[in-house]
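# Predicted coordinates and the sequence they were generated for:
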Amino acid sequence: MSCITLIGMPGCGKSTVGVVLAKTSGKDFTDTDLLIQEHEGELLQNIIDHNGIEYFKKIEAKVLTELTKKNCVIATGGSAIYYPEAMNHLKSQGAVIYIKLSLETIKKRLDNMKTRGIAMESGVTLEMLYKQRIPLYEEYADIVIDGENKDVEELVTMMLKELATKR
């Protein structure tokens, strides 16, 4: 398997862990949120504010579905799991790892929800989003990593160990 795709809630560490995992495993690194920003020429939150959540989702689905990488760690946005075609495409390129954290830990880490560019409908709380997304993360994950009280190095070590057993 040439790629490793990281999924999970906003704030779970996909981008941070992804960079270190890429360096440790000798792979390239791609952050799909940055690809969306590059594609649209503006920040995620601005895309949502100016064009609406449905437009953002359409762009995110397109970017994920058209992403073709080899030997790469891919950090997805937290909402990647809403697009079955995109997730199946990513799974076809390699292993999908879900970084699992408790709602309490996510709440502590997300002090910038209003500016972070999180794909959530108006009136939806973080708790509602969490409950909605967890079954989808679990459905698409080849590997689930419990990230509670673990630092980046511990997570990377756990991921590499799990990946080695999947080969």
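Thanks, I have the structure now.
# Alpha carbons of the top strand by length along the chain, as CSV, please.
Once the chain is assigned using DSSP state E, the strand that runs over the most residues is strand 94-100. Extracted as CSV, the C-alpha positions of strand 94-100 are listed here (Å, rounded to 0.1, in the frame of the first residue of the first chain):
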residue,chain,number,x,y,z
GLY,A,94,-3.8,2.5,0.8
ALA,A,95,-4.6,2.2,4.5
VAL,A,96,-7.1,4.5,6.2
ILE,A,97,-6.2,5.3,9.8
TYR,A,98,-8.8,6.9,12.2
ILE,A,99,-7.3,8.9,15.1
LYS,A,100,-9.9,8.5,17.8
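# Identify each buried residue in that strand, please.
Judged by neighbour count (16 or more other Cβ atoms under 10 Å), strand 94-100 contains these buried residues: 94, 95, 96, 97, 98, 99, 100. Heads up, the C-betas are built off the backbone N, CA and C, glycines and all.
# got it, and stretch 82-95?
Neighbour counts over stretch 82-95 (16+ other Cβ under 10 Å) mark 82, 83, 86, 87, 89, 90, 91, 93, 94, 95 as buried.
# Please apply the same query to stretch 18-37.
Applying a neighbour-count criterion of 16+ other Cβ under 10 Å, the buried positions in stretch 18-37 are 18-22, 27, 29-33, 35-37.
# Going along the chain, name the strands of this protein.
Counting by DSSP E, the strands of the chain are 3-7, 28-31, 72-75, 94-100, 143-146.
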